[in-house]
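> Everything below, folded, please.
(one chain, ligands or ions: 1)
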Amino acid sequence: MGAIIPPEPRPQAQPVLWKYDELRPLLLEAGRLLTEQEAERRVLILENPGLAGRSQATGSLYAGLQLILPGETARAHRHTASALRFVLEGTGAYTSVDGARATMHPGDFIVTPSWRYHDHGNPGDEPTIWLDGLDVPIVNLFDASFAEHHPQELVPSIEPAGVSLSFSYPYARNREALERLRHGAVHPAHGIKVPYVGPDGRSPMPTIAAFLQLLPNGFAGTTMRQTDASVYVGVEGHGRAHVGDHTFDWGPRDVFVAPAWMPVRHDASSGDAVLFSFSDRPAQQALGLWRERAEEGGRALEGPRSVEGGL
Ligand SMILES: [Fe+2]
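Presented below is the predicted three-dimensional model:
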């Protein structure tokens, strides 16, 4: 029985760090070898070595780096999978959702909700690279995937009614919010970690939560386990993440994975550090599965805590 109902999570996904300096030349080489038109989306898939052949970063989520070169467009399509973009490099490209365009700047977080037409374009003069996060493995677990092209190459552009688009979260605004929280309570394990919320106050996607996290200079975090595996990307500064028995020294734009229920500990010893991350937490919470446990020296400080706000 233990093989199919283990007493604790046994993720196949492994802790892994991808250094941006190693990924970037590969992605630019892909840019020389094929056009966005040929690829539809030109993406370097970040496949977890524990999930070989499955195009997954974690047991439930997909991650990839997407490149769009100056003058390129990526044709309009829609799918039941939800997607997020976190911009790593370049200014001037845009993502359009149902024809409303959000201009991309480094650090911006953009959501493409399920079954909404989206296309991308880069009218600027520098390559733009972003991190994609999708719930493809969850959608496929349910065999609920649909996808189709828009009848036109690009969805006709509509002028946004205001500067604030419901699917775009500009970095400057969110970084400011973190700064305001600096003098409040700093969580012993997470530092200052704030979830992005949609206009309805809930997670911007039903399956994926995203967070911006400030580790103040000198932060030495306590150890926490959570049932949601996380994909992290460095935004500012440098930090060290201890994930299971791996130690990852990360800098801006480096991506790393903390698999489900593995002990995770964060340090920032050379100045403030900022991380973006995403996970399947809202899906687990909706199903009553999410748990976390604080630890010290491998010993549980408290029993598993289940759904936030449910106690
Ligand atoms: Fe897409």
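
> Mind jotting down where the helices sit in this structure?
For the chain, the helices defined by DSSP state H cover 20-33, 36-39, 136-141, 171-181, 281-286.

> Of all the residues in the second one, which ones are buried?
So the one you mean is helix 36-39. Across helix 36-39, burial judged by 16 or more other C-beta atoms under 10 Å covers E36. Yep, even glycine has a C-beta here, placed from its N, CA and C like the rest.

> what sits up against it?
Residues from elsewhere that reach helix 36-39, judged by C-beta atoms under 8 Å, 6 or more residues apart in numbering: A30, R42, I68, L69, E72, T73, A74, R75.

> doesn't Q66 make contact with the second one?
Yes. Checked against C-beta atoms under 8 Å, the pair R42 and Q66 is within contact range at 6.5 Å.

> that older thread, ok, and which of the helices of the chain has the densest surroundings?
Ranked by mean neighbour count, the helices of the chain are led by helix 281-286 with a mean of 20 (mean count of other C-beta atoms under 10 Å).

> CA-only coordinates of it, as CSV, when you get a sec.
Provided in CSV are the C-alpha atoms of helix 281-286 (Å, rounded to 0.1, in the frame of the first residue of the first chain):
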residue,chain,number,x,y,z
ARG,A,281,-1.0,26.2,-3.5
PRO,A,282,-4.5,27.5,-4.4
ALA,A,283,-5.2,24.1,-6.2
GLN,A,284,-4.1,22.2,-3.1
GLN,A,285,-6.0,24.5,-0.8
ALA,A,286,-9.2,24.1,-2.9
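
> Distance from it to the middle of the chain?
15 Å (C-alpha atoms, centre = their mean, to the nearest Å).

> same thing with stretch 134-146?
17 Å.

> pLDDT averaged over it - what is it?
Average pLDDT, stretch 134-146: 98.

> what's the spacing between the residue of the chain most remote from its centre and V257?
Going by C-alpha atoms, centre = their mean, the residue of the chain most distant from its centre is M1, 34.0 Å out. To V257, M1 is 29 Å away according to C-beta to C-beta, to the nearest Å.

> now swap in P216 and tell me
24 Å.

> Sort out which residues of stretch 125-145 are buried, please.
For stretch 125-145, by 16+ other C-beta under 10 Å, it's 127-139.

> Sketch out the low-pLDDT regions of the chain for me.
160-164, 306-311 (pLDDT under 70).

> again, only this time at 80
The model of the chain has pLDDT under 80 over residues 159-165, 298, 302-311.

> Next, name the residue at the spatial heart of it.
Centre-nearest of the chain using C-alpha atoms, centre = their mean is F278, 3.9 Å out.

> For that residue, name its beta-bridge partners.
A210, V231 (DSSP bridges).

> State the distance from it to E295.
With C-beta to C-beta as the criterion, F278 and E295 are 23 Å apart.

> Would you map the strands across the stretch 1-150 of the chain?
Assigned by DSSP state E, counting those that start in this stretch, the strands in the stretch 1-150 of the chain fall at 16-18, 43-45, 62-68, 73-79, 83-89, 94-97, 100-103, 109-112, 118-121, 128-134, 147-149.

> returning to that earlier point: the residue nearest to the centre of the chain: what's it in contact with?
By C-beta under 8 Å, 6+ apart, the neighbours of F278 are L61, L84, F86, G133, I208, A209, A210, F211, S230, V231.
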